[in-house]
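Asks: I'd like to go over a predicted model; first the sequence, then the structure.
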Amino acid sequence: MHRASLLRRLAAYRTIWAEGAIHYPGYHREREHGVLERFERFVRETPTCFERSHSQGHVTGSALVVSENGRVLLTLHRKLGAWLQLGGHADGDPEVQRVALKEAEEESGLPDLRFLSYEGRVGAEPHLPFDLDIHAIPARPGEPEHYHYDVRFLLVTSEPVLARATSESRALRWFELPKAREITREESMLRQFDKLEALYL
């Protein structure tokens, strides 16, 4: 089954993040489990979950890019007007970690992105998701309101060069974590920053 890889990663996410094996500030067990269960149900029940043509919603892949000293790379999304992590649509690719890496490479221009290693942690799966989020995308001409089931990964670079913005971005910038917290009040972004602190501090 082409969804088996994602379901396996979601099971590993349950062990590491949803059950609190890595405890982070703001950890909320009911929230983590609620999102995870909705995610698993959607993937199991939707053979076309990776296709943008599934108009009710689809899986997307994204990445929080971080330098080795803990700075984060954020994009000012052109349509949403918010500072976010990098990412995009799966467009039929069931390997969402590949989607996240590809989108991050294309949007940042960074040549050496690599996945954070969870080696040695019980239940860890290679390319373990860092965060899960389900959010509504507003309707626009030719496209009804729908949901993005976003699988997020943590990517690390040792060469945090000044990155270039793409057509989907108004700006692309490195931030120290305290400053990143100042420029967004998005709950899902603050949660990612909390998780990052749990790993780095």
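Replies: Happy to help now that I have it. What you are looking at is a predicted structure, and each value in this text was computed from that prediction instead of being measured.

Asks: contacting residues for the residue sitting nearest the centre point of the chain?
Replies: By C-alpha atoms, centre = their mean, the chain has its centre lying nearest to R152, at 1.9 Å. Contacts for R152 (C-beta atoms under 8 Å, 6 or more residues apart in numbering) come out as 61-64, 85, 87, 100, 129-133, 192. Just so you know, the C-beta spots here come from the backbone N, C-alpha and C atoms, and that holds for glycine as well.

Asks: now with 7 Å, please.
Replies: Going by C-beta atoms under 7 Å, 6 or more residues apart in numbering, R152 touches S62, A63, L64, Q85, P129, F130, D131, L132, D133, Q192.

Asks: which one of those residues sits closest to C49?
Replies: Nearest to C49 among the contacts of R152, counting by C-beta to C-beta, is L132 at 13.6 Å.

Asks: quick check: beta-bridge partners of F175?
Replies: When bridges are taken as DSSP bridges, the partners of F175 come out as V72.

Asks: count of residues packed around it?
Replies: By other C-beta atoms under 10 Å, 17 other residues sit near F175.

Asks: please enumerate the strands of this protein.
Replies: 57-67, 72-77, 83-84, 86-89, 114-115, 131-137, 146-157, 169-175 (DSSP state E).

Asks: tell me what the lowest-mean-pLDDT helix or strand in the chain is packed against?
Replies: One helix or strand of the chain scores below all others by mean pLDDT, DSSP states H and E: strand 169-175, with a mean of 84. Helices and strands touching strand 169-175, by 3 or more C-beta pairs under 7 Å, 6 or more residues apart in numbering; DSSP states H and E, are strand 72-77.

Asks: neighbouring contacts of the strand it packs on?
Replies: Contact with strand 72-77 is made by 64-66, 83-86, 107-108, 163, 168-175, 177, 180, as judged by C-beta under 7 Å, 6+ apart.

Asks: just say which of the strands of the chain is most tucked in.
Replies: Each of those was scored by mean neighbour count; the highest is strand 57-67, a mean of 24, by mean count of other C-beta atoms under 10 Å.

Asks: mind checking how far that one is from the chain centre?
Replies: Distance of strand 57-67 from the chain centroid (C-alpha atoms, centre = their mean, to the nearest Å) equals 3 Å.
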